[in-house]
Structure formats: structure tokens, C-alpha cells
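1. 3D model of this:
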Amino acid sequence: MTRIIKYVFYDILRTRFIIFYTAFLLICTFAFFQLDGDFGKVVLSLMNVVLMAVPLVSVVFTTIHFFNSYEFIELMLAQPVNRKVVFLSEYLAVASSLCLAFVAGVGFPFILYGAWQPISTLMMTGIFLTLVFVSLAFFASVLTRDKAKAIGIALLFWFYFSLIYDGLLLWVIYSFSDYPLEKLTLTLIAFNPIDLARIIMLLQLDISALMGYTGAFYKNFFGSNLGILFSGSLLTLWVLWPILFAIRIFNKKDL
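-> Next up, the predicted model:
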């Protein structure tokens, strides 16, 4: 398993896509530092990039890579190697390469400017979102043999969690604005990893005062040990369930 991971990992690192992705993050981070030297504002600006670009890059690259590696996967499965080992090796190699690109692209400028503390939450949420959407992309990839359909399903995941879900959530809040919705919105946020990452970032940046009573409620919850455990557990579940379902489908799939 280790050999497969190393081979796929080093092969991915040599691709232009990863180089461009790292360069894009570097340019964005340095540009935000040039526009404003306040570390908090830089993190806030990068948060929008992380919440939109990182999931999109993760689903697109992962789906394309999976179908481009189909012959390699078939070759590995022709050997006395377990299907689960091959699949998990592909997943770990793709996820680790994208996480490394994210850490290098965002983390290096902060280290260069001597800002360690402000990026801890940003790095954690970026890595979690990468893992979540790589898992979703693998799940989409095993649902069909058609590359275009798989990319469409993966993009639908991104579109739903990035845009559609927020619209539905706003509709619920607007329609039932006369009722206390703190616990309901907390529950609904748990069903969207991007919203969960966003609320954690906003609260860590201490902007909860701008969110009124609801923000104070989230601050009290997510700022506690229970809130940190709750959010971390939910993001971990979002990483695990798609890849577990994907492995189950892949094991039964006729290649």
C-alpha cells in the first residue's frame, strides 16, 4: 500500500495542475498581504477563496485523476492486491497532494510575514474541506463509468453545498423568522461542510458580534470544548462517509 501511495503521490506532484494550484494560492495570499497588512483581514479575505476555490479544485482534479488512472488501477487489480488497498492508496495520494499544495500555497506567505497564530483555523478548515470534497469526488467517480457524468455529479456536489444549500437555509430563516431558530440553524449547518467551516472561521476571527444574538449563541457553543469537539467530529464524518460508501461500491463494481 505504501509503495502505491508513494508512486501516485509523486506522479501527482509532477502534474501542471498541482503546480498551478499552488501558484494560484501563493499569488492570492501575497496579493492580500500587499493590499492590507492586517493579518485578520488577510485571513478573512482568504476565507472566501478557501470556501469556494478549494472544494471546486478538489472535486474537479480528483474526478479527472481517477478516470485518467483507470488503466493503472486495472493493472494493480490484475496483481494479487486487494481492491480496498488500491482504492485507499489512490484516495490518500490524491488527498495528501492537494493538502500539501494548499498548505504550501497559503502557509508559506504567512510564515514569511511571521504570522503563525492567525492561520491555524484557516489551515485546519482548508485541509478538512479538501479531504471532504476529495471523498465526495471519489464517491461520484465510482457511481458511473462515464467521465463526463462523474464530473457533472462532482460539480453538482460543489454547486449544492456552495450555493443552493445556503439559499435554502436563508429561505428557512426568512420564512420562520418569528421563531427562535438558533438550534435549528445549528442543526442545518451540520449538514453542510462548507457552512460548518465558514461559521468556525467567522467565530475564530471574533466577528460574532456582527451576527447578533445568533452569533452570540454560536460563539458560546463553538467557542467551548463541546463546540470544538462537535465541529471536528462532524467534519470527520463528512470525510469518512463518502469514501466508505465509495469503497463499498468499488468492491462490487465490474471494472
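
2. Skip the chain neighbours and tell me the closest residue to residue 110.
-> Among residues not flanking residue 110 along the chain, residue 119 sits closest, at 4.7 Å (CB to CB, 6 or more residues apart in numbering). Using the backbone N, CA and C atoms, a C-beta is placed for each residue, glycine as well.

3. Which residues are in contact with the closest residue to residue 47 other than its chain neighbours?
-> Distance criterion CB to CB, 6+ apart; nearest residue to residue 47, sequence neighbours excluded, is residue 201 at 5.0 Å. Contacts for residue 201 were tallied using CB atoms under 8 Å, 6 or more residues apart in numbering; they are 43, 47, 51, 121-122, 125.

4. nearest to residue 36, of the residues you listed?
-> Here the nearest of the contacts of residue 201 to residue 36, counting by CB to CB, is residue 43; it sits at 10.6 Å.

5. any idea of the mean pLDDT in the host helix or strand of residue 131?
-> Assigning secondary structure by DSSP states H and E places residue 131 in helix 120-142. Summarised as a single mean, pLDDT over helix 120-142 is 91.

6. Repeat that for stretch 154-173.
-> On average, the pLDDT along stretch 154-173 is 85.

7. Could you check the pLDDT of the nearest residue to residue 26 once chain neighbours are set aside?
-> The spatial neighbour of residue 26 that comes closest, neighbours along the chain excluded (CB to CB, 6+ apart), is residue 105 at 4.9 Å. Residue 105 is assigned 90 on the pLDDT scale.

8. So residue 105 sits against residue 19, correct?
-> No: look at residue 105 against residue 19 with CB atoms under 8 Å: they stay out of range, at 10.4 Å.

9. quick one, which of those two is more surrounded?
-> More crowded of residue 105 and residue 19, by other CB atoms under 10 Å: residue 105, with 20 against 12.

10. now stretch 77-92, how far from the centre of its chain.
-> Shown here is stretch 77-92, whose average C-alpha point lies 23 Å from the average C-alpha point of the whole chain (CA atoms, centre = their mean, to the nearest Å).

11. low pLDDT regions in the stretch 151-255 of the chain?
-> Counting by pLDDT under 70, the stretch 151-255 of the chain contains low-confidence ranges at 177-183, 204-227, 254-255.

12. which residue ranges form the helices in the stretch 1-150 of the chain?
-> For the stretch 1-150 of the chain, the helices defined by DSSP state H, counting those that start in this stretch occupy 2-13, 16-35, 39-68, 70-77, 83-102, 108-112, 120-142, 147-159.

13. Which positions in the longest one come out as buried?
-> Residues of helix 39-68 classed as buried by neighbour count (16 or more other CB atoms under 10 Å): 39, 42-47, 49-51, 53-67.

14. deepest of the helices of the stretch 1-150 of the chain, which one?
-> Across these, averaging neighbours per residue (mean count of other CB atoms under 10 Å) puts helix 120-142 on top, at a mean of 24.

15. That one versus helix 70-77: what angle between them?
-> Angular relation of helix 120-142 and helix 70-77 on a 0 to 180 degree scale: 80 degrees, by axes from the mean of the first three to the mean of the last three CA atoms, to 10 degrees.
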